[in-house]
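> A predicted structure for the sequence below; I have some questions about it.
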Amino acid sequence: MRVLIAGAGAAGLFTALLLARAGHEVTVLDRDAVEPAPDVETAAAAAFRPTAPQIVQPHALLPRCRELLRERLPDVYAALLDAGAVEAPLPTQMPPTLTDRSARPGDERLTMVLTRRSTFDWVLQRAAACQPRLALHGRTRVTGLVATPGRPPRVRGVTTDRGALTADLVVDATGRRTALDRWLGGVGAASAITERAECGLAYYSRHYRLRRTTGLPGPRTTRTVAALDEFVVGIWAGDNATMVLVVAPLVEDTRFRALTDPDVLTAVLRTMPTYAAWLDVLEPISDIYPMGGLHNTLRRLVVDGRPVVTGIATVGDSVCTTNPTFGRGLALALQGAADLADRLSGPIGPTVLPQALDAAVTANVAPYYRDQATNDAARLAVMRHTLFGAPAPRPLADPGQVGFAQLRQAALFDPTVFRAFWAVMGMTALRPDKVYTDPAVVAHTRAVLARHEPPPLPQPTTHQLETALGCTVRPRSLREVPDRAHNGPASLRGTVGRA
């Protein structure tokens, strides 16, 4: 089969490698250059692109992503480790409050890999550049589809700024800013259905490198996210002694716009002892990368059981985008690519492929989209209640179910809940809702929360925060947040974990 893939990011290249190795003739098109940089640091220096701002944001290969790489492309996984990526087994993610640290069957599945996204893409680019049956064409912008009219239309190729190309299958891997909806309209196809739910956070990220490798304030494999009262803060370890620090406030909280100033970002991070200690052993190696306006999205090309078009498939962010704080994007992208390769491995016709792929999205992607949308809504409700006096989120009423926040709090103390939490975070659970309703998980979670108050989070007072931000005028929409010896009921306080 002749396959055209639009987009040479991680989703596109992973798909291309799988299909080329399965015997298909694959051509990948991208508007940017596709030649791999000479080394990982050159790749990192050139990683930022306005069309793909997420590339320079924090990343990690979650356990499900690691499994897919090891199963489908073991040579690429080995090359990633050779390039400096670091495996982080489950014990390295255990909080100090978890006293039972003994190993259990299945722990190996919960290993993740710490790396910059630019390094992961670089490894994929190198593998694709020497892969037989795979042709890479950079500086070529896809402008539309070529299709045979019908109900639905049958895609036969793409138009580009260099002319038209034909194929048996077109794959859209152009990412969260895909023009697919416009392309579909251009060939007379019905509209796809896209679900949306806000992420609600803006991200201010900066890359650093360790000045030394001993005497660190935490594990070299640290990946910690703290949901504080007024913002989210996190640290992600990467490859080759690098780390990324992030401050993520609500998009509508205008106080934080000064975070584009390196001195301001540093001042805010230094209001928290944990991050101040890390800054003492780090040196910045990048500018500050802001990103905002993000949504969780899920696009379906099958509506009421009928495909809106045939001859085209979608992978990666063209199918689903999720809050980058959870790092699920790469795992969902690789899962979608594997699902496509599996469907093409048998005698499947063009009219049946859309339903088969939609069934895979229903099984493997949609559960995590909905989990993310639910978690984001709950977290945003807590922050908006704290900052703006919006209604407090309602507690769960179902006694046979726990929520993500409860699971995360109980995971600090209970080894069973800790592994259940990481099955959701690492995406090794087929469906998050099955974890939240598992009787053993529910019982352990409720027992732990009855015995343990969530530990207080070291965080700045509003005055300390606004001093660091250089605020001179307080927005009228914000109310004063009390000092944090105790700030509201436990259900409304943030939790910290290696998540």
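That came through fine. Residues are numbered from 1 along each chain as shown.
> now residue 260: how far from residue 180?
32 Å (C-beta to C-beta, to the nearest Å). For glycine as for every other residue, the C-beta is placed from the backbone atoms N, C-alpha and C.
> which one of those two has more residues nearby?
Neighbour comparison, residue 260 and residue 180: the larger count goes to residue 180, with 21 against 13 (by other C-beta atoms under 10 Å).
> On the strand side of things, show who the closest residue to that one other than its chain neighbours bridges to.
Distance criterion C-beta to C-beta, 6 or more residues apart in numbering; nearest residue to residue 180, sequence neighbours excluded, is residue 172 at 5.2 Å. Beta-bridge pairing of residue 172 under DSSP bridges involves residue 6, residue 314.
> same deal with residue 291?
Under the criterion used (DSSP bridges), residue 291 bridges to residue 203.
> Repeat that for residue 28.
Applying DSSP bridges to residue 28 gives these bridge partners: residue 5, residue 136.
> Quick check, it in contact with residue 3.
No - with contacts counted by C-beta atoms under 8 Å, residue 28 stays clear of residue 3, the gap being 9.1 Å.
> Can you work out which residues contact both of these two?
In terms of C-beta atoms under 8 Å, 6 or more residues apart in numbering, residue 28 and residue 3 are both contacted by the residues residue 16.
> Tell me which of the two has more neighbours.
A direct count of neighbours by other C-beta under 10 Å for residue 28 and residue 3 places residue 28 higher, at 27 against 23.
> and the more buried one, what does it touch?
When contacts are counted by C-beta under 8 Å, 6+ apart, residue 28 touches 5, 7-8, 12-13, 16, 34, 128, 134-137.
> Any chance of JSON lines for those residues, columns neighbour count and distance to residue 248?
Output for the contacts of residue 28, formatted as JSON lines (neighbours: other C-beta atoms under 10 Å; distance: C-beta to C-beta, whole Å):
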{"residue": "5", "neighbour count": "30", "distance to residue 248": "32"}
{"residue": "7", "neighbour count": "27", "distance to residue 248": "26"}
{"residue": "8", "neighbour count": "26", "distance to residue 248": "28"}
{"residue": "12", "neighbour count": "30", "distance to residue 248": "27"}
{"residue": "13", "neighbour count": "30", "distance to residue 248": "28"}
{"residue": "16", "neighbour count": "29", "distance to residue 248": "32"}
{"residue": "34", "neighbour count": "19", "distance to residue 248": "31"}
{"residue": "128", "neighbour count": "23", "distance to residue 248": "32"}
{"residue": "134", "neighbour count": "22", "distance to residue 248": "37"}
{"residue": "135", "neighbour count": "13", "distance to residue 248": "39"}
{"residue": "136", "neighbour count": "23", "distance to residue 248": "34"}
{"residue": "137", "neighbour count": "15", "distance to residue 248": "36"}
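> closest to residue 154 among the residues you listed?
Lowest distance from residue 154 to the contacts of residue 28 (C-beta to C-beta) belongs to residue 5, with 18.2 Å.
> Pull the contacting residues for the closest one.
Here residue 5 is in contact with 12, 15-16, 26-29, 170-171, 173 (criterion: C-beta under 8 Å, 6+ apart).
> As a markdown table, those residues with distance to residue 141 and pLDDT would be great.
Output for the contacts of residue 5, formatted as a markdown table (distance: C-beta to C-beta, whole Å; pLDDT from 0 to 100):
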| residue | distance to residue 141 | pLDDT |
| --- | --- | --- |
| 12 | 14 | 98 |
| 15 | 19 | 98 |
| 16 | 18 | 98 |
| 26 | 19 | 98 |
| 27 | 14 | 98 |
| 28 | 13 | 98 |
| 29 | 8 | 98 |
| 170 | 15 | 98 |
| 171 | 16 | 98 |
| 173 | 14 | 98 |
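> Narrow those residues to just the buried residues.
12, 15-16, 26-29, 170-171, 173 (16 or more other C-beta atoms under 10 Å).
> which regions of the stretch 301-450 of the chain sit below the pLDDT cut-off?
Residues of the stretch 301-450 of the chain meeting the criterion pLDDT under 70: 349-350.
> can you rerun that using 90?
Judged by pLDDT under 90, the stretch 301-450 of the chain has its weakly predicted residues at 324-325, 345-352, 392-400, 430.
> would you list every one of the strands in it?
302-303, 306-307, 312-314, 320-321 (DSSP state E, counting those that start in this stretch).
> Make CSV from those strands and add mean neighbour count and distance to residue 275 to it.
Putting the strands of the stretch 301-450 of the chain into CSV (neighbours: other C-beta atoms under 10 Å; distance: least, C-beta to C-beta, whole Å) gives the following:
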stretch, mean neighbour count, distance to residue 275
strand 302-303, 16, 45
strand 306-307, 18, 49
strand 312-314, 28, 38
strand 320-321, 27, 28
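> Need the residues that contact the lengthiest helix in the chain.
As assigned by DSSP state H, the longest helix anywhere in the chain is helix 366-388. For helix 366-388, the surrounding residues in contact (C-beta under 8 Å, 6+ apart) are 195, 197-200, 227, 229-230, 250, 253, 296-298, 320, 322-323, 326, 328, 332, 390-393, 403-405, 424, 427, 430-433, 477-479, 481, 487-488, 492, 494.
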